[in-house]
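Q: Please find the sequence and the predicted model below.
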Amino acid sequence: MKQKFSGLRGMSDILPPDTALWQRLEATARETFKRFGFDEIRTPIAEETALFERGVGEDTEVVGKEMYSFLDKGERNISLRPEGTAPVVRSYIEHAVHQREPISKWFYIGPMFRYERMKTGRYRQFHQLGAEVFGVAKPQQDAELIQLALEFLGRLGIVDVRLELSSLGNADCRRRFSEKTYAHFSSFRHVLSEDLQKTLERNPLRLLDSKEEAMAPLMASAPVLLDYLDEASREHFEELQRLLRLSDIDFVLNPRLVRGLDYYSRTAFEIVAQNPALGTASTICGGGRYDGLLEQLGGPSTPAVGFAMGLERLCLLMEAQPQPALQGPMLFLVDAGAADEVWKLLARLRKAGVSAEADLRGGSVKSQLKRANKLNAQYCMVLGDDELKTGQAKLKDMHSGTEREVPLAELEGLLR
Ligand code: HAM
């Protein structure tokens, strides 16, 4: 028996007509990001494993447990990118971009890889649309990015969302907060699983991120990071809130918002969709400031802030809404005994920039018309002996049903 293959678990094919939804999403992204002054960057899908260990953090779930890492034929330890920020920062530093321009505003669209447990909205290959800005320390930049994210979602018709905000302060206040968190959870050590005890010792802040049920009652009395903010971070956070109010952007403060990646400082935010289609994977956008990451990766001290959205999750939300009907070819040519003419006309029209189609299997006029309907063609034209003789044919509007006689020689001009 011949072996049958299927795609890897958690990695999906995207087939037509679903690709149309993705194209709409990507086109809207490019258009909106351009309007906000962003240019596209493309980085490879694989990087040195150490980039993610150092950039995102070895103790995070994403790097510690979910990376697709392997030795290549040259015995180098490389990983499929689990996220886009560390690669973009690597590229920014490697090409010394700060010497060319004081501010860089970049976006990217592409696949990311995390070996996660599969469920709705959570995949092993998924796609992110991300934005990163280098060179602006002020909260105006955080606010502009949030505005961009919401504007983009709005243009896709995704408006039933909640913006959650927090601030993680500077490294010093995170250290103090980490000590308090350690002290708090230490007193409950006896109820923590072995895994959680290890996390407590390595990186107590990760406990606040834990989804284990045993943790829920311990969270209520856990210290809150916003109470430990340094003065400059507090001012930054308050100014950000003021700017959002100025732009009529609603938000809720979520002091328990600890993002799953280690590089953040000050602003952290998430956009959560209120739609059951996503199940528990309701966060469609996550981001924040990472002013220390560039230096940490050997680059110049440069303030930076960004976000990324999960495109599969956006598609699930879009699918839950009525979508405009797919537009088929502009003209469908039907061969009723004029095969050569159909063949020549098809080439002529396409060359002139008209999307034209015919059924290359041939067959009865009826079956060809059926195909035209299936493709949702805008116009249809039947060509046979009479049409060849007179050089005229009926152009039928498939949607209104109206017909008019047109000269074949002028067809491309008429349709364009
Ligand atoms: P993140 O929160 O890990 O942040 O991911 C951002 C978004 O990617 C999530 O909110 C979610 O929509 C989507 N996502 C994550 N994992 C999966 C998955 N397994 N399946 C489907 N969708 C998923 C980052 O990656 C940061 N790099 C964001 C950032 C950019 N921060 C600053 N700049």
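A: That came in fine, so what should we check first?
Q: got a pLDDT number for Ser301?
A: pLDDT for Ser301: 97.
Q: ok, now which ones touch the residue nearest to Arg348 when sequence neighbours are not counted?
A: Using CB to CB, 6 or more residues apart in numbering and skipping the chain neighbours, the partner closest in space to Arg348 is Glu412 (6.7 Å). For the C-beta atoms, the positions are set from N, CA and C on the backbone; glycine is no exception. With contact set as CB atoms under 8 Å, 6 or more residues apart in numbering, Glu412 has these partners: Arg348, Leu349, Ala352, Gly353, Val354.
Q: Share the number of residues neighbouring the last one, please.
A: Just to be clear, that refers to Val354. 19 (other CB atoms under 10 Å).
Q: pull the helix or strand with minimum mean pLDDT from the protein.
A: Every helix and strand in the chain was compared by mean pLDDT, DSSP states H and E; the lowest is helix 216-219, with a mean of 85.
Q: What are the buried residues along it?
A: Leu218 (16 or more other CB atoms under 10 Å).
Q: which residues sit against it?
A: His184, Phe185, Phe188, Val191, Leu208, Arg256.
Q: Same question for stretch 311-319.
A: For stretch 311-319, contacts defined as CB under 8 Å, 6+ apart pick out 12, 18, 21-22, 24-25, 109, 120-121, 123, 126-129, 153, 156-158, 273, 275, 277-278, 281, 283-284.
Q: can you check stretch 83-93 too?
A: 41, 43-44, 47, 51-52, 55-56, 62, 81, 97-98, 104, 106, 108, 110, 112, 128, 130, 132, 134, 261, 263, 290, 293-294, 297-300, 302, 304, 306, 308.
Q: Which of these fall within strands?
A: 47, 104, 106, 108, 110, 112, 128, 130, 132, 134, 304, 306, 308 (DSSP state E).
Q: which one of the residues you listed sits closest to Arg174?
A: Ala304 (17.1 Å; CB to CB).
Q: Wait, that closest one touches Glu132, no?
A: Yes - between Ala304 and Glu132 there is a contact at 6.4 Å, judged by CB atoms under 8 Å.
Q: Enumerate the residues of the stretch 301-416 of the chain near the ligand.
A: Gly306, Phe307, Ala308, Met309, Gly310, Glu312, Arg313 (CB under 6 Å from any ligand atom).
Q: can you do 8 Å?
A: Ala304, Val305, Gly306, Phe307, Ala308, Met309, Gly310, Leu311, Glu312, Arg313 (CB under 8 Å from any ligand atom).
Q: Then the stretch 101-250 of the chain?
A: Residues of the stretch 101-250 of the chain lying near the ligand (CB under 8 Å from any ligand atom): 112, 114, 116, 121-124, 126-128, 130-132.
Q: Please give the number of neighbouring residues around Glu101.
A: 10.
Q: so who does it touch?
A: Gly135.
Q: Pop out the phi and psi values for it.
A: Note on Glu101: backbone dihedrals following degrees, to the nearest 10 are phi -150, psi 140.
Q: what does Leu326 give?
A: phi -70, psi 130.
Q: Leu207 touches Leu196, doesn't it?
A: Yes - at 6.6 Å, Leu207 and Leu196 qualify as touching, with contact defined as CB under 8 Å.
Q: Between the two, which has more neighbouring residues?
A: Counted by other CB under 10 Å, Leu207 and Leu196 do not tie: Leu207 has more neighbours, with 23 against 19.
Q: Does Gly64 touch Phe52 like I think?
A: No - Gly64 is beyond contact range of Phe52, at 10.1 Å (criterion: CB under 8 Å).
Q: Tell me which of those two has more neighbours.
A: Phe52 (26 against 16).
Q: nearest residue to that one other than its sequence neighbours?
A: Val63 (5.1 Å).
Q: Show me which of the contacts of stretch 83-93 are buried.
A: Judged by 16+ other CB under 10 Å, buried ones among these: 41, 43, 47, 51-52, 55-56, 62, 81, 97-98, 104, 106, 108, 110, 112, 128, 130, 132, 134, 261, 263, 290, 293-294, 297, 299, 302, 304, 306, 308.
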